[in-house]
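>>> Coordinates only, no sequence provided:
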C-alpha cells in the first residue's frame, strides 16, 4: 500500500461510542465496541473515527467538555465492571427501560453515576493490594491534570453544577488555602472521581489495544477551544483572556457569512498565546500528548484558528463586531514537533480558508478534509471538494457529524442545481445518493476516506448527530444491533477492495449481494 502523509490508502467509519447499541441507555466501551472493531476488520475498514471523549455537561456536547484531558464516565462499560466484581447482577437488574434508538441523557447520567459510585465503594472494600497499587500508580502518573479535575468536579457537584465563576470567590479564583481546605472536605468524592477516571482509561486502553492488534486505527478529535466552565480554564486562568472575576473579556466565534448574517458567537474563552509561548505551549503539548496516548490520529477542529481566529468582545450579543487576530502560527507546530515528534494530525480546514491557513497546513504536511456534500453547484469544475481536485494528502468524507446525513441533505437541502451537477458528474441519475457519494469517496485519490455510519445505512435527518447552533436535541442518535448484520458492510468492503483501500493487494474480493 502507498503512503502519503500520515496515512496509507485506507477507509473507515465515523461512529461515536455513545451511538453503539447496549442496554444501559448509551453506547459504551464494552461488548458492542469490540464487536464494532471486529466488524471493521472483517470488512476491510482500517479507521474508526470518534468525537471528543471528554466528560460532557450542559447540552451534552462532546465539543464543550469539562476537561480536555479527562474521559467521559458515561462510556465506562458497566458489564465490564461487573465482570471484575465491582458490580453485581442484582445491581444491574435496576437498569431502567431506556430507549434503544436514542440517548436520553438525563436518566442515563443519573443511573450511570449511581452505578459508578457503587462500583467504587465495592472496590474500596474488596480490592487486592495489587489493584490498589495499580490505581495509585496511574493516578500519580496523571496527577498533572487529574488532581485539578477531580477537585473541580467535586466542587462543581457541591455547588449544584453551577459554573466555577459562580462559586465562592476564593474557590473560583483558585486560592491555595481554600483549595487545601476543599481537598480535605471533599476527599471521598475526589477519590471516587479519580477511580472513575482510572476505569475509563483502563477500558479505553484495552479497546485500543484490541483494535490495533486487528489493524484498526483510532482517529480522535480535539476542539481547538475549550469550554469556559472547565477544569482547564479554572486551573489555568492566566493563559486565557479573563477579567479579575474569571469572566471572559473576549470570546471565540466566526464572522458573518453566507450561512449566518450575524456570525456565530461560540462563547469559548480565547488563549493568551503570548503567555503560552513563554513556557513553549506546555499546556497544549500535554494536551496533544495525552490524546495521542489514547488514539492513533487526531483531528483538530477549527484548525484555521492557529493561523488567525475571530475575536469577539464578550459583551457583544452577536459575532458581527469582531476582528481577525493572528494565532501562534508555525512556531506552535514547530514546538509540538520538537516535543512530540511526527504529528499524526488531521487539520479540519473547512469554511473560508486563506492562503495563510493552507501554507500552515501544508508546511507541516498535515492532511486537510474534503466533504463531498460541499462539492456541488459550481459547474466550472474548480470546486476543491470535487474528487478530481483532491490532493492525495487529505481525508475525504461523505459528510461529518455537523452535517445532515447524506440522504437528509439530498431530500431537504440540496438545490436543483446541485442535483443536476451530481447527475452530470456521475454521468447518470443518482440511484442511491448515499452510495453514490460513498463510491466517489472510495474512488478518490484521498489517502483516507471515512463515512459516517448513518450514511452507510441510508438514514435521513432523524439520524443527524448535530445541528450547529441548536442548544438541545443533539448527540442522541444510536444504532441498533441489527446494523451489525446488515448487508451494507460487505457492500462497503467491496468498494474498499475495488478502489485499493484494503490492507493488502492479496485480500480476497468480498462477496456482495446488493450493489
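Perfect, thanks for sending it. If you're wondering where the values come from, they're calculated on a predicted model, not measured in any experiment.
>>> can we go C-alpha only for contacts and neighbour counts from here?
Will do.
>>> what is the rounded mean pLDDT of stretch 31-38?
Stretch 31-38 shows a mean pLDDT of 98 in the predicted model.
>>> How about stretch 442-454?
On average, stretch 442-454 scores 98.
>>> Need the residues that contact it.
3-4, 7-15, 47, 49, 387-388, 390-401, 405, 438, 441, 463-464, 495-496, 499, 501 (CA atoms under 8 Å, 6 or more residues apart in numbering).
>>> Kindly report the same for stretch 276-295.
The contact list for stretch 276-295, computed with CA under 8 Å, 6+ apart, reads 68-69, 204-205, 208, 217-220, 239, 298, 332, 335-336, 339-340.
>>> Which two of those residues have the greatest separation?
Among those, the pair separated by the greatest distance (CA to CA) is 217 and 239, at 33.2 Å.
>>> picking that back up, in helices, which of the contacts of stretch 442-454 appear?
Members of those lying in helices (criterion: DSSP state H): 438, 441, 495-496.
>>> which one of those residues sits closest to residue 273?
Nearest member of the ones in helices among the contacts of stretch 442-454 to residue 273, counting by CA to CA, is residue 441, at 37.3 Å.
>>> And the buried ones among the contacts of stretch 442-454, selectable in PyMOL?
Buried members of the contacts of stretch 442-454, defined by 16 or more other CA atoms under 10 Å, are picked up in PyMOL with:
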select buried, resi 4+7+8+9+10+11+12+13+14+15+47+49+387+390+391+392+393+394+395+396+397+398+399+400+401+405+438+441+463+464+495+496+499+501
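>>> Please list the members of the contacts of stretch 442-454 that lie in strands.
Where these overlap with strands, as defined by DSSP state E, the overlap consists of 3-4, 7-8, 10-14, 47, 49, 394-397.
>>> And the strands in the stretch 201-350 of the chain?
For the stretch 201-350 of the chain, the strands defined by DSSP state E, counting those that start in this stretch occupy 217-223, 250-254, 264-269, 297-301, 308-313, 323-326, 345-347.
>>> re earlier: can you list the ones in helices among the contacts of stretch 442-454 in TSV and add distance to residue 355?
Listed next are these as TSV, based on distance: CA to CA, whole Å:
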residue	distance to residue 355
438	29
441	25
495	34
496	33
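>>> shaky segments in the stretch 151-300 of the chain?
Scanning the stretch 151-300 of the chain for pLDDT under 70 picks out 258-259.
>>> 80 instead, please
257-260 (pLDDT under 80).
>>> in the stretch 151-300 of the chain, which spans are helices?
All helices of the stretch 151-300 of the chain, identified by DSSP state H, counting those that start in this stretch, fall at 169-172, 176-185, 187-213, 231-235, 273-278, 282-292.
>>> Those: which one's closest to residue 469?
helix 231-235 (22.8 Å).
>>> So which elements touch that closest one?
With contacts defined as 3 or more CA pairs under 8 Å, 6 or more residues apart in numbering; DSSP states H and E, helix 231-235 has these neighbours: helix 143-158.
>>> ok and the helix it packs on relative to helix 187-213, angle-wise?
Interaxial angle, helix 143-158 versus helix 187-213 (axes from the mean of the first three to the mean of the last three CA atoms, to 10 degrees): 130 degrees.
>>> dump the residue contacts of residue 108.
Residues counted as contacts of residue 108 (CA under 8 Å, 6+ apart) are 24-26, 74, 98.
>>> got the contact list for stretch 465-475?
Contact with stretch 465-475 is made by 59-61, 103, 401-404, 464, 476-477, as judged by CA under 8 Å, 6+ apart.
>>> Let's see that with 10 Å instead.
Residues from elsewhere that reach stretch 465-475, judged by CA atoms under 10 Å, 6 or more residues apart in numbering: 15-16, 18-19, 58-62, 102-105, 264-266, 400-405, 452, 454, 463-464, 476-478.
>>> picking up where we left off before, now the buried members of the contacts of stretch 276-295.
Taking 16+ other CA under 10 Å as the criterion, what is buried in the contacts of stretch 276-295 is 68-69, 204, 208, 217-220, 239, 298, 332, 335-336.
>>> Looks like residue 302 contacts residue 368 (just checking).
No: Residue 302 is beyond contact range of residue 368, at 11.2 Å (criterion: CA atoms under 10 Å).
>>> Overlap in contacts, the two.
Taking CA under 10 Å, 6+ apart as the contact rule, residue 302 and residue 368 both touch 347-350.
>>> Could you dump these into JSON lines and include pLDDT?
Below are the shared contacts of residue 302 and residue 368 laid out as JSON lines (pLDDT from 0 to 100):
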{"residue": "347", "pLDDT": "97"}
{"residue": "348", "pLDDT": "96"}
{"residue": "349", "pLDDT": "95"}
{"residue": "350", "pLDDT": "91"}
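>>> Of those residues, which qualify as buried by neighbour count?
Applying 16+ other CA under 10 Å to the shared contacts of residue 302 and residue 368 flags 347-349 as buried.
>>> Among the residues you listed, which one lies nearest to residue 130?
residue 347 (42.0 Å).
>>> I figured the closest one hits residue 395, correct?
Yes: taking CA under 10 Å as the definition, residue 347 is a contact partner of residue 395 at 9.3 Å.
>>> Need the residues touching each of the two.
Listed as contacting both residue 347 and residue 395 by CA under 10 Å, 6+ apart are 367-369.
>>> Compare the residues you listed and tell me which is most surrounded.
Counting neighbours by other CA atoms under 10 Å, residue 367 comes out on top of these with 28 neighbours.
>>> strands paired with the helix or strand where residue 451 lies, and their directions?
Assigned by DSSP states H and E, residue 451 belongs to strand 448-452. Strand pairing for strand 448-452, using DSSP bridges, gives strand 10-14 (parallel), strand 394-397 (parallel).
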